[in-house]
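Asks: need a structure here:
(chains A and B)
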Amino acid sequence: MAKQRLIEIAHARSGDKGDLVNIGLIARKPEHYPILVREVTVERVKQHFTGVCKGRVERFELPNLGALNFLLHEALDGGGTMALKADPQGKTYSTALLRMEIEVD
Amino acid sequence: MIRIANGQGFWGDSLEAPVDQIRRGPIDYLTLDYLAEVTMSILQKQRMRDPQAGYARDFVDLIARVLPDLKERRVRVIANAGGINPMGCRDAVLDRAARQNIPLKVATVTGDDITDRLDQFMKRGIEFKNMDTGEPLSAIRAQVERANVYFGAFPVAEAMGLGAEIVITGRVADAALTLAPMIHEFGWKETDWDKLTAGIVAGHAIECGAQVTGGNCQVDWETVPDLADIGYPIVEAEPDGTFSVTKHAGTGGRVTVASVKEQLLYEIGDPTQYITPDCVADFTTVHLDQAGPDRVRFSGIEGRPATNYYKVSISYTAGYKAMGSLVYTWPDAYKKARAADQILRQRLNRLGLRFDEIRTEFLGANACHGIPSGEPSPEIEPHLPEVVLRVGVRSENRAAVDRFTREIAPLVLNGPPGVSGLGLGRPRVEEIIAFWPALIPKSEVRPEVAIWPSKD
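Replies: So this is what the prediction gives:
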């Protein structure tokens, strides 16, 4: 097993709904999808966004697109217009997730 | 087959995109999405200053500019440009057409604005519970600014059936703007769940404009051709519910399975339950193929019956905020920015100012990614060429926020050295408009559809 950043095998896009951020994480190749399913767990994502995501994390699988969809609850300091952040809509949470280091075969 | 183009992903998107969509290749319908949640509140503020305002003025200028092209090419336009004053928008469009001596049929879809009926509904037991927190609307009733129902595609299709060349709506679900011409052209019924879902997925794919044709595209962004001349998306829809997403030949950007996947996953929740006024879409049924260069074909889409509720977006005032920024330069840029933040906070304390939130970020160090990116390494940190100190405050008390805005600029002279004010001047105090998502039974509200001939 070797360590690799997610960005090597995946791409992503994020957006907001109220105080929630969703991150779509997409395998670059079909063979990468099972690695995402195995490595990028709810627990790991929650830990990765410590201090950013204050609520729970949900994960949904889209095998048809080779993608996972993550919902980060309470992740925008109250939501788009309330937030004082430089990124009040969580647009850059996608690249923040792609920093994650995972184990690959 | 019909071609449905998107020429505007939000109010403030490219002014040239809708013109290019009309002029640079064949399309049958042009959809324009002007309304983000926050846009309704901006329109509200504009209308308080001017009762004739309250709609997307850019749209009126656009129609005036392209009207002869629309006529010549027989392109019909569907836009949620009406905002909180669809009739005002209609009048302005008809007036501009009359000035060019061009006859024009404009339809409106209204009835979404329930601001004045909220108390009536609440008295009858509709609580408008916040979909995220479960709290009833009574908790913030006094702060409510506006309440708008999200209608679906059928009233828009009805407007097309009346012969409208331009349909102006108030609040309509974004994706419904794309589904509506399919219903109109193909005669889809209110129970054709799979087909309606296909139309919604098509709408979702193109409603954010160039975000599906290579804009903001994570995957191999450096190789996306000619972003300067990026083509906006076009759906080529078939009566059986299959469709392709493409763009005009000769434009920049790229439509690939990868670029489409990024957009499909944008701003969705549970992918098996994407709830819209017209159906419940299941994104796990979508099958994508690269059917040619800059062409992705969608098939296999399935959905389920719509719910008995419309979503309501309720905006309310929630205090004030302001953000101030200063840039600190090498050497020790980050250290100086952090010191300035501490000095500022001590001064705010000494002034006895209290805030609901005060937030500091260091742009250039770790602002956007925060903890996942960690602190700059000790080897790099002292050599950072510059770091932007960005401080924001939020409070119910406008005076406290206003006082904060006066404490930023003095730091240039009375704080750490090597600093510039970024040429921005004193920060502006903004009133915060927050959102309260709720539901209303469909039986309680009805969309109103009307058509208006041009003044000769």
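
Asks: Which residues of the stretch 351-456 of chain B lie near chain A?
Replies: Applying CB under 8 Å from any CB of the partner chain, we find that the stretch 351-456 of chain B lies next to chain A at B:357-359, B:361, B:363, B:367-373, B:390, B:392-394, B:432-435, B:437. Just so you know, the C-beta spots here come from the backbone N, C-alpha and C atoms, and that holds for glycine as well.

Asks: Residue of chain A closest to chain B, please.
Replies: Relative to chain B, the nearest point of chain A is residue A:24 (2.4 Å; CB to the nearest CB).

Asks: That residue sits in which helix or strand?
Replies: In this structure, residue A:24 sits in strand A:20-27 according to DSSP states H and E.

Asks: which is the next helix or strand following that strand?
Replies: Strand A:20-27 is succeeded, C-terminally, by helix A:33-39 (DSSP H and E).

Asks: What are the boundaries of the strands in chain A?
Replies: With DSSP state E as the criterion, chain A has strands at A:2-5, A:10-17, A:20-27, A:57-62, A:67-72, A:101-104.

Asks: can you put the ones you listed in TSV and add mean neighbour count?
Replies: Output for the strands of chain A, formatted as TSV (neighbours: other CB atoms under 10 Å in any protein chain shown):
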stretch	mean neighbour count
strand A:2-5	10
strand A:10-17	24
strand A:20-27	25
strand A:57-62	18
strand A:67-72	24
strand A:101-104	14
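
Asks: For residue B:306, which of those is the nearest?
Replies: strand A:10-17 (19.5 Å; CB to CB).

Asks: Parallel or antiparallel, list what pairs with the closest one.
Replies: strand A:20-27 (antiparallel) (DSSP bridges).

Asks: report the angle between the axes of the strand it pairs with and strand A:57-62?
Replies: 40 degrees (axes from the mean of the first three to the mean of the last three CA atoms, to 10 degrees).

Asks: Just the CA trace of strand A:20-27, in CSV.
Replies: Extracted in CSV, the C-alpha atoms of strand A:20-27 (Å, rounded to 0.1, in the frame of the first residue of the first chain):
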residue,chain,number,x,y,z
LEU,A,20,-24.8,22.6,4.3
VAL,A,21,-22.0,21.9,1.8
ASN,A,22,-22.2,19.1,-0.7
ILE,A,23,-19.1,17.7,-2.3
GLY,A,24,-19.3,15.5,-5.4
LEU,A,25,-16.2,13.3,-5.6
ILE,A,26,-15.7,11.6,-9.0
ALA,A,27,-13.3,8.8,-9.9
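
Asks: what is the mean pLDDT for that strand?
Replies: Strand A:20-27 carries an average pLDDT of 97.

Asks: Check stretch B:4-23 too.
Replies: 96.

Asks: Identify the residue spatially nearest to the residue in chain B that chain A sits nearest to, adjacent ones excluded.
Replies: As assessed by CB to the nearest CB, chain A sits closest to residue B:265 within chain B, at 2.4 Å. Computed as CB to CB, 6 or more residues apart in numbering or on different chains, the closest residue to residue B:265 that is not its neighbour in sequence is residue A:24, at 2.4 Å.

Asks: follow-up on the earlier one: now that the residue of chain B closest to chain A has come up, it's in contact with residue A:67, right?
Replies: Yes. With contact defined as CB atoms under 8 Å, residue B:265 counts as touching residue A:67 (6.0 Å).

Asks: what is in contact with those two at once?
Replies: Shared contacts of residue B:265 and residue A:67 (CB atoms under 8 Å, 6 or more residues apart in numbering or on different chains): A:24, A:26.

Asks: Does anything pack onto the helix or strand residue B:184 falls within? Which helices or strands?
Replies: Assigned by DSSP H and E, residue B:184 belongs to helix B:176-186. The contact analysis (3 or more CB pairs under 8 Å, 6 or more residues apart in numbering or on different chains; DSSP states H and E) places helix B:176-186 against strand B:2-6, strand B:29-32, strand B:76-79, helix B:154-161, helix B:193-206, strand B:234-237.

Asks: can I see the domain layout of chain B?
Replies: Domain assignment for chain B, taken from automatic domain parsing, gives B:2-112+B:150-306, B:317-432.

Asks: Deepest-packed of those domains, please.
Replies: domain B:2-112+B:150-306 (a mean of 21; mean count of other CB atoms under 10 Å in any protein chain shown).

Asks: Any idea how far apart the tips of it sit?
Replies: In domain B:2-112+B:150-306, first residue to last residue: 25 Å (CA to CA, to the nearest Å).

Asks: Brilliant, that's me finished.
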